[in-house]
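J.: Just need the structure, nothing else, for what follows:
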Amino acid sequence: MARWQLSVMCVVICLAIAGPSLAAGGSYDGTYTGKRVLTDGQASNLCPAEDNVTVTIKGNVLKFTHSRLQDYVISFEPTSDGAFRQISTGGGVTVGIEGRITGDTLDADVNNIPTRCKYHWHLTKKP
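T.: Alright, predicted model coming up:
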């Protein structure tokens, strides 16, 4: 009987710890739209001074689209306060992204390594 009670207690504790983490990840799901503004680099065809950006988050996947990259996928693993940081390489492109989601706002600094363009994204979640 003592082993059974100990097992039940372990399950309850694990669920209590995992529960907020599981809920937090899903709360960011949705589509965010807004602008990216060049913060470092020479404005050109490769580095537009300003551009529209759309980000879709579903679970642990962040997918973004702008004039240079379409449906670029990055893993998304936010901390409990909505902060995230990731470097992704795919299709000859390396993207570093560091940001935070607060409420319905996603702010991020994004570095596109091949073009040496650095941007700030300010996006709002669609209802």
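J.: Check G103 and give its pLDDT.
T.: Among the per-residue scores, G103 holds a pLDDT of 96.
J.: distance of it from K118?
T.: G103 sits 25 Å away from K118, taking Cβ to Cβ, to the nearest Å as the criterion. Quick note: C-beta positions are derived from backbone N, CA and C, even for glycine.
J.: Settle it for me: which of these two has more neighbours?
T.: K118 (17 against 8; other Cβ atoms under 10 Å).
J.: Assign a three-state SS to that one, would you?
T.: The local conformation at K118, judged by DSSP: H, G, I helix; E, B strand; the rest coil, is strand.
J.: If we ignore the residues flanking it in sequence, what's nearest it?
T.: In space, and not counting its chain neighbours, K118 is closest to D40: 3.8 Å by Cβ to Cβ, 6 or more residues apart in numbering.
J.: what about the one you found, how many residues close to it?
T.: 12.
J.: Show the model's pLDDT score for it.
T.: For D40, the model assigns a pLDDT of 95.
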